[in-house]
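In: Just need the structure, nothing else, for what follows:
(2 chains)
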Amino acid sequence: MTAVLFDNVSRHFGAVRAVDGVNLEIAEGEFFAMLGPSGSGKTTCLRLMAGFEQPTGGHIEIFGETAEGVPPYRRSVNTVFQDYALFPHLSILDNVAYGLMVKGVGREERRRAAEDALAMVKLPGYGSRRPGQLSGGQRQRVALARALVNKPKVLLLDEPLGALDLKLREQMQEELKILQKSLGITFVFVTHDQGEALSMADRIAVFNDGRIQQLGSPEEVYKQPKTRFVADFVGSSNVLPAKLCQRLGVTSSFASLRPEAIVLSAPGDGALSLSGTVSAHSFLGAVTRVVVDVDGSRISVATPASLVVPKVGSPVTISFAADELHPMEDA
Amino acid sequence: MTAVAEKLMLPEPRGPAGRLSDFFWKHPHVLLTVLLAPPLLWLGVVYIGSLFALLLQSFFSIDDFSGLINYEFTFATYRQLLSETNLDIILRTVSMAATVTVASALIAFPIAYYAARYAQGKWKVLFYLGVMLPLWSSYLVKIYAWKLILAKEGILTWLFEKLHLLWLLDAWLSLPVVGGNSLSVSYTGTFIVFVYVWMPFMILPIQAALERVPTNLIEASSDLGGTPAQTFRHVLFPLALPGIVAGSIFTFSLTLGDYIIPQIIGSSRLFIGQAVYAQQGTAGNIPLAAAFTVVPIVIMGAYLWMAKRMGAFDAL
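Out: Numbering: from 1, shown residues only, chains lettered A, B, ... in the order given. Sure, this is the predicted structure:
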């Protein structure tokens, strides 16, 4: 069953086209990521699903029911807000039980449900505290419990990990993934962090300028970027200009080439090669990034840090398998 | 090495101002003391101290024959305060203050809500101007202007006549307590002018409180299934409550203490402020005047205590 359907949806603010003709279909139980830079329309799409915004054009369905014109409080969709939006005047328990309270669930029943939800996000016994007394990571979990206690059909997450530090973020990514699989709820996740989208999502929609640039599995989006923007934004692929494409026998005007698909050596069987000079390198831990200048185009190469890196200024040959080179649409 | 390092620092200042800066930098508490001493002295001695001196007077009594103050500790003045006439004054003033406060809050909230949530740029400036402008003109001029508006021959009567609603005005004025010969000599008139004059003191704190409520809390409530009415009751109102309480402290205490509005507009019955004015002036009964001033203080103290118990300051 389709959980969320966008049929040519637009949301214009005066002359600004925040969302411009978006088509999507999110399947039930899917972990779906909307990835893009700020101002790309991904958050507006999320707000259209939640009901905080109404489309200026197109049609939205949530589980087969028309969503436009339906206020947020009549949608079985819940949101985890970017800065959590916990009610500062309520205890953690009352925060989590809020959705049940406004729906008229009895005091004892909603207390039990809220405590279960807090236990699920690993914060049992925190009910009597106030949001101000919790750390950012704990508040994040409370926001998650507050949304999930309502058993939503779709859970929307607006950059929920953005304010956390790296270690906590990685831990939460894993937990969210496990939670989503065990609950079977459709998760729609907005992020500007491509690593987060790649590691968590079943499918990714890459947004730019209010439109979807590419929609596909993390592997597809990463390995075969369809446009220059996607190549740049996801995984920092090299974009080869027309003259290099011609030299390599590719007909399109741009092609993408991932840094880790390139080796710094003479070509083997069936491999393509280019020669240039090393212009910079930087040590990144597991790999070293070497920038090679090929006729004015800067191509980055990721080599294992264990290999010896040629000096800056020395000539070098780079080679790669022919099927690593992906032609792209002109954009 | 050390010679070079020393030269990197600027030389010590020679002038007294520079040396003073260095001194204050090394001893920040001294600076704080110097800055706070004058206002604290003012607040402690001149302001609160004189208030206590006044309150002390309420425990003295006046000699009925000589009219001189008898400096002996006594509760006689308080007994006098609780006489039927004086209790009547207190009750009248407190009911007026309470009604004015409730009406001000009801009128101020939508205005403050609009200003905090929707008004932007030019409209926000217009809002501030509109709210503050009445404060720039003389209090007395405004009250006399209201006397003309509310008078029997005034514009309001004329308006009711043109709208063929004069019967409504007459019906209201024929009611006991709130009625009278005309609006300008009725409690209704006093009430209208009080609400008008104190309105800015209610609007501004509520607006400030509402402005601090993040929009995403309203969205979160709606997202969790709260209808607009539920969102108001469970999120917006509790978070605006400190502002409403702050505003009500102004409207309530200002009404309790005012003696000019009820004198110009309203029936000739006294309010606390007028009683204080009469007792310390013509009657020369300073102890009773002092006892009257204790009433608003006690009422405000009780009011704040209740507000705190109700959780009005939890969101601060």
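
In: and the residue most central in space within chain B, what does it touch?
Out: Geometric centre of chain B, nearest residue: B:F250, 1.5 Å, by Cα atoms, centre = their mean. Counting by Cβ atoms under 8 Å, 6 or more residues apart in numbering or on different chains, B:F250 makes contact with B:W198, B:F201, B:M202, B:P205. Every C-beta, even on glycine, is put in place using the N, C-alpha and C of the backbone.

In: so the first one touches B:I249, yeah?
Out: What that stands for is B:W198. No: B:W198 is beyond contact range of B:I249, at 11.0 Å (criterion: Cβ atoms under 8 Å).

In: Now the element after the host helix or strand of A:R17, going C-ward?
Out: Per DSSP states H and E: A:R17 is located in strand A:16-27. Downstream of strand A:16-27, the first helix or strand assigned by DSSP H and E is strand A:31-35.

In: quick one: that following strand to strand A:16-27, angle?
Out: Inter-element angle recorded for strand A:31-35 and strand A:16-27: 160 degrees (by axes from the mean of the first three to the mean of the last three Cα atoms, to 10 degrees).

In: by contact count, what packs against strand A:31-35?
Out: Packed against strand A:31-35, as judged by 3 or more Cβ pairs under 8 Å, 6 or more residues apart in numbering or on different chains; DSSP states H and E, are the following elements: helix A:42-50, strand A:186-191, helix A:194-200, strand A:203-208.

In: Count the neighbours of the nearest residue to A:Q194 once chain neighbours are set aside for me.
Out: Nearest residue to A:Q194, sequence neighbours excluded (Cβ to Cβ, 6 or more residues apart in numbering or on different chains): A:V234, at 4.9 Å. Residues lying near A:V234 (other Cβ atoms under 10 Å in any protein chain shown) number 23.

In: Okay, domains of chain A per the record?
Out: Segmentation of chain A into domains, based on automatic domain parsing, reads A:2-231, A:239-328.

In: How far away from the center of its chain is stretch A:1-13?
Out: Centre-to-centre, stretch A:1-13 and its host chain are 18 Å apart (Cα atoms, centre = their mean, to the nearest Å).

In: Could you tell me the least trusted of the domains of chain A?
Out: Lowest mean pLDDT of those: domain A:239-328, a mean of 83.

In: Close to chain B: what parts of chain A are there?
Out: Residues of chain A lying near chain B by Cβ under 8 Å from any Cβ of the partner chain: A:50-52, A:71-73, A:77-79, A:81-83, A:85-89, A:98-99, A:101-103, A:146-147, A:150.

In: which residue sits closest to residue 253, ignoring its sequence neighbours?
Out: This is for chain A. A:A242 (4.5 Å).

In: hmm, I had chain B in mind actually
Out: Per Cβ to Cβ, 6+ apart, closest to B:S253 is B:M300, 5.6 Å.

In: which parts of the helix or strand encompassing the one you found are buried?
Out: B:M300 is part of helix B:286-309 when elements are defined by DSSP H and E. Neighbour counts over helix B:286-309 (16 or more other Cβ atoms under 10 Å in any protein chain shown) mark B:286-296, B:299, B:303, B:307 as buried.

In: Then stretch A:265-282?
Out: Buried residues in stretch A:265-282 (16+ other Cβ under 10 Å): A:L272, A:L274, A:G276, A:V278, A:H281.

In: pretty sure A:S256 contacts A:L244?
Out: No: if you go by Cβ under 8 Å, A:S256 and A:L244 don't touch, sitting 11.8 Å apart.

In: Looking at the two, which is more packed in?
Out: Using other Cβ under 10 Å, the more surrounded residue of A:S256 and A:L244 is A:S256, with 25 against 21.

In: May I have the secondary structure class of the more buried one?
Out: Recorded secondary structure, A:S256: strand (DSSP: H, G, I helix; E, B strand; the rest coil).

In: swap in A:G39?
Out: Assigned with three-state DSSP, A:G39 falls in the coil class.

In: how far away is it from A:E196?
Out: 18 Å (Cβ to Cβ, to the nearest Å).

In: okay, the two: which has more neighbours?
Out: A:E196 (22 against 14).

In: can I assume that one is in contact with A:E159?
Out: No: using Cβ under 8 Å, A:E196 makes no contact with A:E159, being 9.2 Å away.

In: mind giving me the domain ranges of chain B?
Out: B:13-70, B:83-309.

In: Poorly predicted segments of chain B, please.
Out: B:1-6, B:311, B:314-316 (pLDDT under 70).

In: Would you double-check that B:F160 falls in a strand?
Out: No: read with three-state DSSP, B:F160 is helix and lies in no strand.

In: Identify the residues contacting B:M310.
Out: Applying Cβ under 8 Å, 6+ apart, no residues contact B:M310.

In: sorry, that was for A:E115
Out: Applying Cβ under 8 Å, 6+ apart, we find A:E115 in contact with A:L93, A:P124, A:G127.

In: ditto for A:S256
Out: Contacts of A:S256 by Cβ under 8 Å, 6+ apart are A:Q224, A:P225, A:A231, A:S237, A:N238, A:V239, A:L240, A:L325, A:H326, A:M328.

In: Tell me how far it lies from chain B.
Out: 38 Å (Cβ to the nearest Cβ, to the nearest Å).

In: circling back: nearest to B:H29 among the contacts of A:E115?
Out: Among those, A:G127 lies closest to B:H29 (Cβ to Cβ), at 42.2 Å.

In: Could you confirm the closest one falls within a helix?
Out: No: counting by three-state DSSP, A:G127 is not part of a helix but coil.
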